[in-house]
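**Student:** Can you look at this prediction? I've put the sequence above it.
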Amino acid sequence: MSRIYEIPYHPDESHSWAVRLDGEVLSRFDSRFDALLSAMKRAAAEGGDTSIGIEGADGVWRPFGSDAKRPARPPPLPSRLLGAVR
């Protein structure tokens, strides 16, 4: 079973950023950077298919691996039909 640590873009009502796992708050931080750092450390320690979900300014949640540098599971590219140009 895949575990996903979630970091929202905006702080919550208490003006802190929560790190959530399966919808439950694990801890709160004064900055988004600190929340991301904590999620990265937890995900790296667990290994496996643990990943991090980060909400962007546009409201879209994006998956990242435990290093937060690459997508955990990049979506497959659509197949393209190539035609010869004459």
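**Tutor:** Everything's here; your move. Numbers count the residues shown, from 1 in each chain.
**Student:** The residue sitting nearest the centre point of the chain bridge partners, please.
**Tutor:** Compute the mean C-alpha point of the chain, and by CA atoms, centre = their mean the closest residue is residue 53, 2.0 Å away. Bridge pairing for residue 53 (DSSP bridges) gives the partners residue 6, residue 63.
**Student:** Surely it and residue 2 touch.
**Tutor:** No - look at residue 53 against residue 2 with CB atoms under 8 Å: they stay out of range, at 10.6 Å. Where you see a C-beta, it was placed from the backbone N, CA and C, and this is true even at glycine.
**Student:** List the contacts of residue 35.
**Tutor:** Applying CB atoms under 8 Å, 6 or more residues apart in numbering to residue 35 gives the contacts 7, 17-19, 27-29.
**Student:** Just the buried subset of the residues you listed, please.
**Tutor:** Listed as buried from the contacts of residue 35 are 7, 17-19, 28-29; burial here means 16 or more other CB atoms under 10 Å.
**Student:** Save these as a markdown table, and put in pLDDT, distance to residue 37 and secondary structure too.
**Tutor:** Below are these laid out as a markdown table (pLDDT from 0 to 100; distance: CB to CB, whole Å; DSSP: H, G, I helix; E, B strand; the rest coil):
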| residue | pLDDT | distance to residue 37 | secondary structure |
| --- | --- | --- | --- |
| 7 | 93 | 10 | strand |
| 17 | 95 | 11 | strand |
| 18 | 95 | 14 | strand |
| 19 | 95 | 10 | strand |
| 28 | 96 | 13 | strand |
| 29 | 96 | 8 | strand |
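**Student:** and of those, the nearest to residue 41?
**Tutor:** Nearest to residue 41, judged by CB to CB, of those is residue 19 at 10.2 Å.
**Student:** Might you report the residue contacts of the residue nearest to the centre of the chain?
**Tutor:** 4-7, 61-64.
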